[in-house]
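Peer 1: What follows is a predicted structure for the sequence shown.
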Amino acid sequence: MQIHVPRLILASTSIYRARLLEKLGVEFEQTDPDYEELSVPGESPAVKACRLADGKALSVQQDLPARRDAIVIGSDQVAHLDDRCFSKPGTHQRAFTQLSVFSGQWLSFTTAISLLDNHGARRCGCETYRIKFRNLTATEINNYLLRDHPYDCAGSIKAEASGVTLLEDTDGRDVNTLYGLPLMLLRELLLELDFSL
């Protein structure tokens with residue numbers, strides 16, 4: 001008897017998250033979530049990340065045919081110093097400003113995962129990974145930005161690339177949390193939905 005396995009759908013067009021999910025060796029498809037990421041004043045980083053991950057997953061799950069057996073994976077990451085959140089910089093100047101603020105500091109990356117299936121089951125969780133930046137000079141920051149162009153990355157850093165040269169220390173359970181998709185947490189949440197890797 002053949003066991004039917006639900007299809008995994010990543011509610012994101014991020015190449016970074018797709019590469020991380022590929023590490024699990026499972027088939028999946030990507031769908032662009034129709035969800036506007038709005039900020040809510042006074043919201044903690046963890047609450048914000050979970051709300052945005054939920055919103056992305058729900059926007060994709062609602063469009064699935066009723067007969068489609070699938071688990072939708074929504075994820076969102078918030079970079080923050082204590083409770084001060086930082087968005088993706090978008091430009092060289094904003095990235096330069098952010099990295100200047102982070103110099104010598106511990107920056108936290110809280111990444112949330114929301115799983116929804118078409119039977120109404122939901123699982124959500126988040127993890128935090130911290131990185132400590134060296135004391136950076138303006139020249140080091142500028143040279144790094146010209147090398148990695150991390151303008152679409154939370155925290156203005158591609159730690160999986162040459163951004164690691166800006167760091168002094170790290171702290172956390174799963175380095176994939178820093179890269180945008182905590183795979184240990186994802187495996188645990190999938191198991192709760194009877195999806196075994």
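Peer 2: Thanks, I have the structure now.
Peer 1: now the helices for the protein?
Peer 2: 15-22, 45-61, 92-102, 138-148, 176-179, 183-192 (DSSP state H).
Peer 1: Sort out which residues of the first one are buried, please.
Peer 2: Under the neighbour-count criterion of 16 or more other C-beta atoms under 10 Å, helix 15-22 has Tyr16, Arg17, Ala18, Leu20, Leu21 buried. Bear in mind the C-beta positions are built from the backbone N, C-alpha and C, glycine included.
Peer 1: Likewise for the second one?
Peer 2: Residues of helix 45-61 classed as buried by neighbour count (16+ other C-beta under 10 Å): 45-46, 48-61.
Peer 1: what does the third one give?
Peer 2: Going by neighbour count (16+ other C-beta under 10 Å), the buried part of helix 92-102 is Ala95, Phe96, Gln98, Leu99, Phe102.
Peer 1: Of those residues, which is the nearest to Leu178?
Peer 2: Nearest to Leu178 among these: Phe102, at 13.6 Å, using C-beta to C-beta.
Peer 1: What number of residues are in the vicinity of the residue nearest to the closest one when sequence neighbours are not counted?
Peer 2: Spatial nearest neighbour of Phe102, excluding adjacent residues (C-beta to C-beta, 6 or more residues apart in numbering): Phe133 at 4.8 Å. As a burial measure, Phe133 scores 21 neighbours (other C-beta atoms under 10 Å).
Peer 1: Phe133 against Val101, yeah?
Peer 2: No: at 9.6 Å, Phe133 and Val101 do not qualify as touching, with contact defined as C-beta atoms under 8 Å.
Peer 1: Include distance to Thr177 when you put the buried residues of helix 15-22 into a markdown table, please.
Peer 2: As requested, the buried residues of helix 15-22 are exported to a markdown table (distance: C-beta to C-beta, whole Å):
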| residue | distance to Thr177 |
| --- | --- |
| Tyr16 | 12 |
| Arg17 | 12 |
| Ala18 | 16 |
| Leu20 | 10 |
| Leu21 | 14 |
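Peer 1: Tell me which of those has the lowest pLDDT.
Peer 2: Sorting those by pLDDT puts Tyr16 at the bottom of the list (88).
Peer 1: Quick check: chain neighbours aside, which residue is closest to Glu37?
Peer 2: Leu52 (5.6 Å).
Peer 1: Also Leu99?
Peer 2: Of all residues not flanking Leu99 in the chain, Ile141 sits nearest, at 4.7 Å (C-beta to C-beta, 6+ apart).
Peer 1: Then Asp169?
Peer 2: That would be Lys132: by C-beta to C-beta, 6+ apart, it lies 4.1 Å from Asp169.
Peer 1: Beta-bridge partners for that neighbour, please?
Peer 2: Lys132 has these beta-bridge partners by DSSP bridges: Trp106, Asp169.
Peer 1: Great, nothing more from me.
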